[in-house]
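Asker: I need the structure of the sequence given here:
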Amino acid sequence: MQQLKQTHIIWIVLTVAVLLPLIFPLKLPLGPSPEGEAAYSFIDNLPQGSISIMVLETAPSNEGELWPMALAVARHHMEKQHRIIMATFVPDGTMYAEKIRALAESDYGYVYGKDLVILPYRAGGETALASMADNIRAAYQQDHYGTPLTDYPLWADVKSIKDISVISCYTAGDDHLWLARHVWAKYQVPCISGNIALSTPEAIVYFKNGQLVGLISGVKGAAFYEQKINMPGLATQSMDAQSIGHLYLLLLMIGGNIVYWKQKKDGKNGKQGAKKNV
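Answerer: Down below sits the predicted model:
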């Protein structure tokens, strides 16, 4: 019964330790991220009115890692009054583009068609991205809602991919490779890749080679970006919860080992005392 109570206490404390940072973010310091810092600095130095493309390869299956970083970068663009074009090569991507549009209109006074546009979903992955890079006006004639893009003032300033100041992708796939191959290598348009943490070892090579101007990696990278723009959100909460949870488990392991060695030592002393008495 006592052991059962101890187990319950352990799990209750762990639950509280994880939940509290989700409700009240602690904004714990994160380690350095040169690739994340590079992404932030590049966007921060773009002049007002610059046009960016955000490729939202986000879906419910990877939302936990990709959505916080996409939202943080979108907020950064809006704070700097950049114009945003959103594209996607996965069916769920337009759902997240709609969320960014709602945020832009409600919090930043953006006007659809003038300050941002949502392009329709295009199947094909790498082929679709290559088509956009080679001839963006031929690849897209209508927006997500079926309205001709020529009706929008923003589109009038986009004659080719070279009119774009930066392209960023948020993906669980190989978009960093596609960006390097079809956008940077051909047209030298700056690219930023937002990846799930699992893809970082491969994607970071492109950053170090100069084919990406920045890289945002997983929840930690998203939390780093949130803190850079001073807008802690989902990623910061997640990292705080992970950090506190890991610290608690570490303390449990240390405490458990101390108790174990103490009991072992006491047991030896007890046996030695019993032998002397005999």
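Asker: In this structure, where is pLDDT below threshold?
Answerer: For the chain, applying pLDDT under 70 flags the ranges 1-4, 26, 28-29, 238-241, 267-278.
Asker: let's see 80
Answerer: In the predicted model, the chain carries pLDDT under 80 at residues 1-32, 232-249, 252, 255-256, 259-260, 263-278.
Asker: Which residue would you name as the spatial centre of it?
Answerer: residue 69 (2.9 Å; CA atoms, centre = their mean).
Asker: That one and residue 233, how far apart?
Answerer: Residue 69 sits 10 Å away from residue 233, taking CB to CB, to the nearest Å as the criterion. Where you see a C-beta, it was placed from the backbone N, CA and C, and this is true even at glycine.
Asker: coming back round to it: which residue comes closest to the residue nearest to the centre of the chain once chain neighbours are left out?
Answerer: Excluding its sequence neighbours, the residue lying closest to residue 69 (CB to CB, 6 or more residues apart in numbering) is residue 222, at 3.7 Å.
Asker: how near is the one you found to residue 68?
Answerer: Separation of residue 222 from residue 68 (CB to CB) stands at 4 Å.
Asker: quick revisit: isn't the residue nearest to the centre of the chain up against residue 221?
Answerer: Yes: with contacts defined as CB atoms under 8 Å, residue 69 counts as touching residue 221 at a distance of 6.3 Å.
Asker: what sits in contact with each of these two?
Answerer: Common contacts of residue 69 and residue 221 (CB atoms under 8 Å, 6 or more residues apart in numbering): residue 194.
Asker: which parts of stretch 125-133 are buried?
Answerer: Neighbour counts over stretch 125-133 (16 or more other CB atoms under 10 Å) mark 125, 128, 129, 130, 131, 132, 133 as buried.
Asker: quick one: which of these is nearest to residue 81?
Answerer: Relative to residue 81, the closest of the buried residues of stretch 125-133 is residue 132; by CB to CB it sits at 24.1 Å.
Asker: pretty sure that closest one is in a helix, no?
Answerer: Yes: assessed with DSSP: H, G, I helix; E, B strand; the rest coil, residue 132 lies in a helix.
Asker: Just the CA trace of stretch 169-180, in PDB.
Answerer: What follows is stretch 169-180 as a C-alpha-only set of coordinates in PDB (Å, rounded to 0.1, in the frame of the first residue of the first chain):
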ATOM      1  CA  CYS A 169       9.200  26.000 -46.100                       C
ATOM      2  CA  TYR A 170       7.800  24.200 -43.000                       C
ATOM      3  CA  THR A 171       8.100  20.500 -43.700                       C
ATOM      4  CA  ALA A 172       8.500  17.000 -42.500                       C
ATOM      5  CA  GLY A 173       9.900  16.000 -45.900                       C
ATOM      6  CA  ASP A 174      12.800  17.000 -48.200                       C
ATOM      7  CA  ASP A 175      11.800  20.600 -49.000                       C
ATOM      8  CA  HIS A 176      15.200  21.800 -47.900                       C
ATOM      9  CA  LEU A 177      16.700  19.800 -50.800                       C
ATOM     10  CA  TRP A 178      14.100  21.100 -53.200                       C
ATOM     11  CA  LEU A 179      14.800  24.700 -52.200                       C
ATOM     12  CA  ALA A 180      18.500  24.300 -52.700                       C
END
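Asker: That one: which residues count as buried?
Answerer: Neighbour-count burial for stretch 169-180 [16+ other CB under 10 Å]: 169, 170, 171, 172, 173, 174, 175, 176, 177, 178, 179, 180.
Asker: Stretch 192-201 now?
Answerer: 192, 193, 194, 195, 196, 199, 200.
Asker: does the fifth one really touch residue 172, like I thought?
Answerer: Yes: in this structure, residue 196 is within contact of residue 172 by CB under 8 Å, at 4.8 Å.
Asker: Overlap in contacts, those two.
Answerer: Applying CB under 8 Å, 6+ apart, one finds that residue 196 and residue 172 are jointly contacted by 62, 65, 66.
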